[in-house]
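Peer 1: Just to be clear, the model below is a prediction. Sequence and coordinates:
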Amino acid sequence: MTGRRVVVTGLGVQCPAGGTVDEAFAALLAAKGTAALLPGTDGRHRLACRVDAFDPDAYFSPREARVLDRGTQLGVAAALDAFADAGLAGRTPDGRWCTIVGTGGAGLAAEAERVMVRDAGAVNARTVPKLMPSSTAAWLSMRLGLTGPALTIATACASGTNAIGEAFQAIRSGRCDAALTGGTEAPVSDLVLEGFYRSRALSRRTGDPAAASRPFDADRDGFVLGEGAAFLVLEDLYTARARGARIHCELAGYATNADAHHIVAPLEDGSRAAACMRAALDDAGVAPDEVAHVNAHGTATLLNDRSEAAAIRRCFNGAGPPVTAPKGVVGHMIGAAGAFEAVVMATSVRTGRVPPVANHRAQPDGDAEITVVRDRPADVGPGPAISNSFGFGGHNASLVMVPA
């Protein structure tokens, strides 16, 4: 572990489980799935976890709401909430800030579908900005006066974790003093649903939507598509202390690598994912036996969960510490998933409470055995934790947090 220490001073979410961190964490502790049939469903693959309670009017003028796609709206809202949680609302921050956002495509697919398939006459001057995955980073820099690097990272389902990790590296190396970072995604559209359905990645449990997403369960049959956003404010420890900021936890380690194996299937033995986890722990100066819990990628697909379970066993030389997986509640938010899981991990590291995995009933035969938290929260006490994200294309990323 080298360079400056980096702490988390702000958290914000807009997700299917709630519009605040407290609401979302309470829903995870209760292990209540949020998946539902979409309106007009044909009963085949129209399950999703939506952010139904989101109110754009609370964050944007009518004109702004018209020019922002849903992915950007969710991302900017979550980031503004993180900024406020850090005690920075209404301020133009001093110092060198960066804005780094992860997304698989923000609202690109939904907007493209609307314009080109449903309403070709809707093409206008706002179309291109709505199609830009970089819009969230751009709007945040303009809204908050952040003149440092404003970057967008797209590594599929690892995007949010990679964004946070790269922001962490920028602060630790001295290139920036603070960062507004996270992920956003609004992928719920016929186009995306059909694509994932045809790849056999989606759950077909339409008769019981809330129980459809089952990470690491013997009866898992695919993920449920979700939308949402999550953001963190990261600061150099001494900068945060100097302004009297509340510190949620310390972000201590990060690593990323690639399977170099297949465009959608993970490396089955989990060896590269395990190497990523080990590298993140080494970066943090945390030994595997010190880790209090794992916040898993846990998509509820057969191959990904099997590979991740193998990776966890490799990393910890056995079943390892308690494992949670939020996608049982909120579905798979693609590029925002890792950022949301980082927010959840930060809350667990601070409180010592680890949410159970929703809808988990039994460990599958033939999968590597891990210690899945089920039925009720695990009270592990404040301690180091690791969060994993594994994306299509073989993108692996892990973050390590420790108590403040």
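Peer 2: In hand now; what should we look at? Residues are numbered from 1 along each chain as shown.

Peer 1: C-alpha only now, for contacts and for neighbours.
Peer 2: Will do.

Peer 1: which residues in the stretch 201-350 of the chain form strands?
Peer 2: 225-226, 228-236, 249-258, 293-295, 322-324 (DSSP state E, counting those that start in this stretch).

Peer 1: Quick check: which of these is buried the most?
Peer 2: Among the strands of the stretch 201-350 of the chain, strand 228-236 has the highest mean neighbour count (mean count of other C-alpha atoms under 10 Å), at a mean of 32.

Peer 1: How many residues are close by residue 198?
Peer 2: Other residues near residue 198 come to 11 when the count uses other C-alpha atoms under 10 Å.

Peer 1: quick one, what contacts it?
Peer 2: If you count contacts by C-alpha atoms under 8 Å, 6 or more residues apart in numbering, residue 198 has none.

Peer 1: okay, and for the stretch 51-200 of the chain, where does confidence drop off?
Peer 2: 106-122, 125 (pLDDT under 70).

Peer 1: What segments of it are helices?
Peer 2: Taking DSSP state H, counting those that start in this stretch, the helices of the stretch 51-200 of the chain run over residues 62-67, 70-85, 108-113, 127-131, 135-144, 159-172, 190-198.

Peer 1: Using a markdown table, lay out the strands of the stretch 201-350 of the chain together with distance to residue 65.
Peer 2: Converted to a markdown table, the strands of the stretch 201-350 of the chain look like this (distance: least, C-alpha to C-alpha, whole Å):
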| stretch | distance to residue 65 |
| --- | --- |
| strand 225-226 | 21 |
| strand 228-236 | 17 |
| strand 249-258 | 33 |
| strand 293-295 | 34 |
| strand 322-324 | 36 |
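
Peer 1: of those, which approaches residue 277 most closely?
Peer 2: Among the strands of the stretch 201-350 of the chain, the nearest to residue 277 by C-alpha to C-alpha is strand 249-258 (7.2 Å).

Peer 1: helices or strands up against that closest one?
Peer 2: strand 6-14, helix 159-172, helix 271-284, helix 337-351, strand 395-403 (3 or more C-alpha pairs under 8 Å, 6 or more residues apart in numbering; DSSP states H and E).

Peer 1: Swap in 10 Å and give it another go.
Peer 2: Counting by 3 or more C-alpha pairs under 10 Å, 6 or more residues apart in numbering; DSSP states H and E, the packing neighbours recorded for strand 249-258 are strand 6-14, helix 159-172, strand 228-236, helix 271-284, helix 337-351, strand 385-391, strand 395-403.

Peer 1: Mind listing what's buried along whichever helix or strand comes after the first one?
Peer 2: Read that as strand 6-14. Per DSSP states H and E, the first helix or strand lying C-terminal to strand 6-14 is helix 21-30. Of the residues in helix 21-30, 21, 24, 25, 27, 28, 29, 30 count as buried by neighbour count, 16 or more other C-alpha atoms under 10 Å.

Peer 1: most packed of the helices and strands packed on strand 249-258?
Peer 2: strand 228-236 (a mean of 32).

Peer 1: Can you list the strands that that one pairs with?
Peer 2: Counting by DSSP bridges, the strands paired with strand 228-236 are strand 6-14 (antiparallel), strand 178-185 (antiparallel).

Peer 1: Report the backbone C-alpha coordinates of the shortest one in PDB.
Peer 2: Below are the C-alpha coordinates for strand 178-185, written out as PDB (Å, rounded to 0.1, in the frame of the first residue of the first chain):
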ATOM      1  CA  ALA A 178     -11.100  14.200  -4.300                       C
ATOM      2  CA  ALA A 179     -13.500  12.500  -6.700                       C
ATOM      3  CA  LEU A 180     -17.200  12.100  -7.400                       C
ATOM      4  CA  THR A 181     -17.400   8.600  -8.800                       C
ATOM      5  CA  GLY A 182     -19.900   5.700  -9.300                       C
ATOM      6  CA  GLY A 183     -22.100   4.200 -12.000                       C
ATOM      7  CA  THR A 184     -25.400   4.600 -13.700                       C
ATOM      8  CA  GLU A 185     -27.500   2.500 -16.000                       C
END
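
Peer 1: could you give the angle of it to helix 70-85?
Peer 2: Interaxial angle of strand 178-185 relative to helix 70-85 (axes from the mean of the first three to the mean of the last three C-alpha atoms, to 10 degrees): 150 degrees.
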